[in-house]
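Chemist: heads up, no residue letters with this:
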């Protein structure tokens, strides 16, 4: 049964990943990407990584995809289509992909995987404790560093969104342009 | 202000004004198109007349002449005056716009243009308002004929 | 890459929206061409004429009695007052003095019409800002007035009760009783309106400071009625040029000086109270007498120009008749309140959001057949 | 009949049966909610409401559904057909998935995931993609504006929904829905957490109403501004999907509220503790009380403007919510909760 579901998810993943890069319409690519991300979430669910799966759905499917859709929708008209790349570029990219796939597959098949015994699902509590622990194997430093990074991103977003400073009711840049 | 007082006041401003009260409850002024804008401006800006409320703009086809009738009221003095301007040029009748004096005139003048074909100089958007752009003729003119749609007894 | 070209590529285009001719907020077949920047309105251009019936041209062919019937179809929510305007013009021109009874009845029904119109406006105004229940409250009370009209003149909307020289028939025996019932009923309902909508925080936030029209602009744009009075411009025709029995009653002109949508809203609510007071002053002493004076079958107006103003629910309606002494007017012009009020829509909507446009358009209380005549 | 489906066996037939039962619940609940909304609206508006089809108009929504199914499907010429057809399914599948994790009674729960609340938030964030897609792919300007509004609105209010639920999770110490209800055997959370819990509940209801795009936050549809907003160009069954999803989403928001604040299937003071299957009546009773509250909002309040909507979230609800979390943390830390 699980094997069956895994294959279904794998097919969805591969097909939508290929469709995502080959679609000529930008928004469709985004939606195929969404399917890919949802498929990954499904695989996480399948191996009982519920928290990770939910994170995958919230952050990637719900957050990032919505933002991408937003930006695409704002600039992209319904009749617009992406340009088709030149044949030479196609060949180069295809070769690079084939090499990548080859390296990937050889690595996987040369490694001996062991089946985990006595597996128990990770609870949110364990994740939380691990994240905030400052002992060995704790993630408090990366956690704090990332929060500083997010703060910086947030301030940057506010500065961009606020736009130009107004001087005597006109944007500052206009005033500066006049001085030149 | 009474009609006589108004007449005496306005009479000196512009040459060739005709005053009449015959067949109307208001004081009527007829003005030549070339002095028209000047007169209207003074009627609004002069503190004794102060006609700041243009409440009716009527396009007219007197058979020979085409013209426009403006009904003006002063919100401070509460007197009413009627200004008429006319031209014999039926092919290309043109007056000055008063939409720079009263903002409401912009719409009313477009209505007059739509139905009488009277053009207004310096109007910001002199296009048909009610009828479609490809409409031929000006329906409220007396010589307008539409055999299909008009029922005339 | 040249920086100028890069900048011009980033420049956003104007976004055009066709609001109407079929759109819930335009209340009829009005088309607004909106130029917007995101949600912010940059320009509003009304496109009119979808239901233009050329009433002015038709009037040049009709007799004066017939013209009265056409005016019902202009501002159909003030149909009685529209009728009255033409009748008054003809009566003044012919120098007919109508009986006192006619004057009083005309005034009472005129004020009932005004209340009915404001009820409908209140209902759809609530709907425009998203409160759907107001519609049914407004219609519940309007229905009572329509029932009174139906009993008196057989019609609920396009009434045709006035004729040059008086009224079509006398009032129904129940008229006084039912009107009194309505007044008593409606006095308890206006506070309900306030409870449901006026006091609501969201409503106040939607209306306050939205669509501001200064007094100077109101006059310059030829605004009239509640729209102008919300901006502090005292322009009630009933006060300044009283007609029918309006010189015998005392009432206050509803005035607000804020000039925003809320002020226009409050003016109309206040007007409903004033109309109730006018009806109360007149309803108990309708004078006995004829309900019309005899006029000739074919009315010929004397040569000349005649102008009559009346105050409809939307503002100042003017009738201008140029007569050459025949049985038809040579030229008849309706100065409709809605047309002038619409001309200021662009002025008050620019810079606001789409929601603001809808809210301030609702407070203009446009009736499209009145604009499209 | 008690359905013991808590233990999912690796049996395809069993899975299909559960799926069918949930689909049944889904459509019946949706149709019933539509009828309820119309009855409630009629009650608020001094009308009778549907009373012709079936006894007390009970079959009215069935008739409407049949009408919608049999209607011709229309669309704009230049619409992106693939995305246009896909969009309603996003909306309806996400709300269907959310339905799976609710404990209707102690036994009646399809999928008792250990991160229940988080899962619900995750799923509800996907529904908005359907609205965005539908708005864009319709090739209609009103629909596009509606879609953009919806995106802005849902992203903003998801924060408040999430944070107000996090406030309550501080009390329970678990994200699993069945365990959250276990905790409430010593007092519903809205009692246990007293003032901060009540604040959290109010924020949750406001944000939840906004999350479902219902009045007074129906910016997305705003029929007096945008016609019908994002689903202007949808007709027939595709429109019905959007329509049904709106009502199911309302049910879901109310059900989360019931589970987290009002003890789910628990009866007040344990009066029916001995008869476990009565839990479903308590659960549905509480949920429909909250649904009624949301309908009450809709038929009383005017709509907010789009900037006021964002001001409300970012300037009032969010700071209040963050303060409330700190307050709740203090209460839990100092042990000031009320236990019955």
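Modeler: Perfect, I can see it now. Quick caveat, the model's predicted, so the values are computed rather than measured.
Chemist: Now the residue in the stretch 1-150 of chain D that chain C sits nearest to: closest residue in space that isn't a chain neighbour?
Modeler: Evaluated by C-beta to the nearest C-beta, the stretch 1-150 of chain D has residue D:45 as its residue closest to chain C, separated by 4.0 Å. Heads up, the C-betas are built off the backbone N, CA and C, glycines and all. The shortest distance from residue D:45 to any residue that is not its chain neighbour, by C-beta to C-beta, 6 or more residues apart in numbering or on different chains, is 4.0 Å, and that residue is residue C:136.
Chemist: Could you report the neighbour count for whatever residue of the stretch 101-250 of chain C ends up closest to chain B?
Modeler: Residue nearest to chain B within the stretch 101-250 of chain C: residue C:222 (3.3 Å; C-beta to the nearest C-beta). Burial of residue C:222 is recorded as 28 neighbouring residues (other C-beta atoms under 10 Å in any protein chain shown).
Chemist: Could you look up the SS state of it?
Modeler: At residue C:222 the chain is in coil, as set by DSSP: H, G, I helix; E, B strand; the rest coil.
Chemist: what sits against it?
Modeler: With contacts taken as C-beta atoms under 8 Å, 6 or more residues apart in numbering or on different chains, residue C:222 has the following neighbours: B:53-55, B:102-104, B:108, C:340, C:343.
Chemist: and if you look at residue C:95?
Modeler: No residues are in contact with residue C:95 under the rule C-beta under 8 Å, 6+ apart.
Chemist: quick one, helices of chain B?
Modeler: According to DSSP state H, chain B carries its helices in the segments B:3-11, B:33-45, B:105-116.
Chemist: and stretch C:197-209 with chain D, contact?
Modeler: Yes - using C-beta under 8 Å from any C-beta of the partner chain, stretch C:197-209 reaches chain D at C:197, C:200, C:202-203, C:205-206.
Chemist: Now for these: which two are most distant?
Modeler: Spanning the widest gap among those are C:197 and C:205, at 12.8 Å by C-beta to C-beta.
Chemist: hmm, back to that, for the residue nearest to residue D:45, I want the exact helix or strand it lies within.
Modeler: Remark: residue C:136 resides in helix C:134-153, with elements defined by DSSP states H and E.
Chemist: Could you list the domains of chain A?
Modeler: According to the domain assignment given by automatic domain parsing, chain A is divided into the following structural domains: A:1-94, A:122-180.
Chemist: List the contacts of the residue of chain B found nearest chain A.
Modeler: Nearest residue of chain B to chain A (C-beta to the nearest C-beta) works out as residue B:103 at 24.1 Å. Listed by C-beta under 8 Å, 6+ apart, the contact set of residue B:103 reads C:217, C:220-222, C:343-344, C:347.
Chemist: quick one: contacts of the helix holding residue C:136?
Modeler: With contact meaning C-beta under 8 Å, 6+ apart, helix C:134-153 is reached by C:109, C:112-113, C:115-116, C:119-127, C:155-157, C:159-161, C:168-169, C:171-172, C:174-175, C:178-179, C:181-182, C:185-186, C:189, C:192-193, C:196-197, D:45-47.
Chemist: What are the boundaries of the strands in the chain?
Modeler: Unless you meant another one, I'm taking chain A. Under the criterion DSSP state E, chain A contains strands at A:166-167, A:170-171.
Chemist: looking at chain B here, not the other one
Modeler: If you assign secondary structure with DSSP E, the strands in chain B sit at B:18-20, B:27-31, B:53-61, B:66-73, B:80-87, B:94-96, B:119-121.
Chemist: does stretch D:233-247 come close to chain C?
Modeler: No - in this structure, stretch D:233-247 remains apart from chain C according to C-beta under 8 Å from any C-beta; the gap is never smaller than 14.3 Å.
Chemist: That stretch - what's its average pLDDT?
Modeler: For stretch D:233-247, the mean per-residue pLDDT is 84.
Chemist: chain center to it, what's the gap?
Modeler: When distances are taken as C-alpha atoms, centre = their mean, to the nearest Å, stretch D:233-247 is centred 16 Å away from the chain's centroid.
Chemist: got the contact list for that stretch?
Modeler: Surrounding stretch D:233-247, the residues in contact under the criterion C-beta under 8 Å, 6+ apart are D:27, D:29-30, D:33-34, D:37, D:65, D:68-76, D:79, D:84-85, D:88-89, D:91-92, D:94-95, D:127, D:130, D:134, D:138-140, D:143, D:212-214, D:231.
Chemist: Which helix or strand in chain C has the lowest average pLDDT?
Modeler: Least confident helix or strand of chain C, by mean pLDDT, DSSP states H and E, is helix C:3-10 with a mean of 44.
Chemist: so what's residue 32 up against?
Modeler: Picking chain A for this. Each residue near residue A:32 by C-beta under 8 Å, 6+ apart is listed here: A:16-17, A:19-20, A:23.
Chemist: nope, chain C please
Modeler: For residue C:32, the contacting residues are C:18-20, C:23, C:26, C:44-47, C:345, taking C-beta under 8 Å, 6+ apart as the criterion.
Chemist: got the residue ranges for the helices in chain A?
Modeler: Shown for chain A, the helices assigned by DSSP H span residues A:2-22, A:26-46, A:50-55, A:65-75, A:87-110, A:124-131, A:140-162, A:172-179.
Chemist: from those helices, which stretch is densest packed?
Modeler: Per-residue neighbour counts averaged over each of those give the maximum for helix A:50-55, namely a mean of 22 (mean count of other C-beta atoms under 10 Å in any protein chain shown).
Chemist: Which secondary structure elements does that one sit against?
Modeler: In terms of contact count using 3 or more C-beta pairs under 8 Å, 6 or more residues apart in numbering or on different chains; DSSP states H and E, helix A:50-55 is assigned the packing partners helix A:26-46, helix D:116-137.
Chemist: for the chain, what are the low-confidence residue spans?
Modeler: Assuming you mean chain A. Across chain A, residues meeting the criterion (pLDDT under 70) sit at A:76, A:78-79, A:117-121, A:164-180.
Chemist: Correction: the question concerned chain D.
Modeler: In the prediction, chain D carries residues with pLDDT under 70 at positions D:1-10, D:340.
Chemist: Look up how far residue A:43 lies from whichever residue of it sits closest to chain A.
Modeler: Scanning chain D for proximity to chain A using C-beta to the nearest C-beta identifies residue D:125 as nearest, at 2.8 Å. Noted for residue D:125: a distance of 19 Å to residue A:43, by C-beta to C-beta, to the nearest Å.
Chemist: Residue numbers of chain B in contact with chain C?
Modeler: Contact residues, chain B versus chain C (C-beta under 8 Å from any C-beta): B:22-26, B:28, B:52-56, B:58, B:60-61, B:69, B:71, B:75, B:78, B:82, B:102-104, B:106-108, B:111, B:115, B:129-132, B:139-140, B:151-153.
Chemist: how about residue 154, what does it touch?
Modeler: Chain wasn't specified; assuming chain A. Applying C-beta under 8 Å, 6+ apart to residue A:154 gives no contacts.
Chemist: Switch to chain D, please.
Modeler: The neighbours of residue D:154, taking C-beta under 8 Å, 6+ apart as the test, are D:125, D:127-128, D:131, D:211, D:213.
Chemist: Among the contacts of residue B:103, find me the one that's closest to residue A:9.
Modeler: Comparing every one of these with residue A:9 (C-beta to C-beta), the shortest separation belongs to residue C:347, at 59.5 Å.
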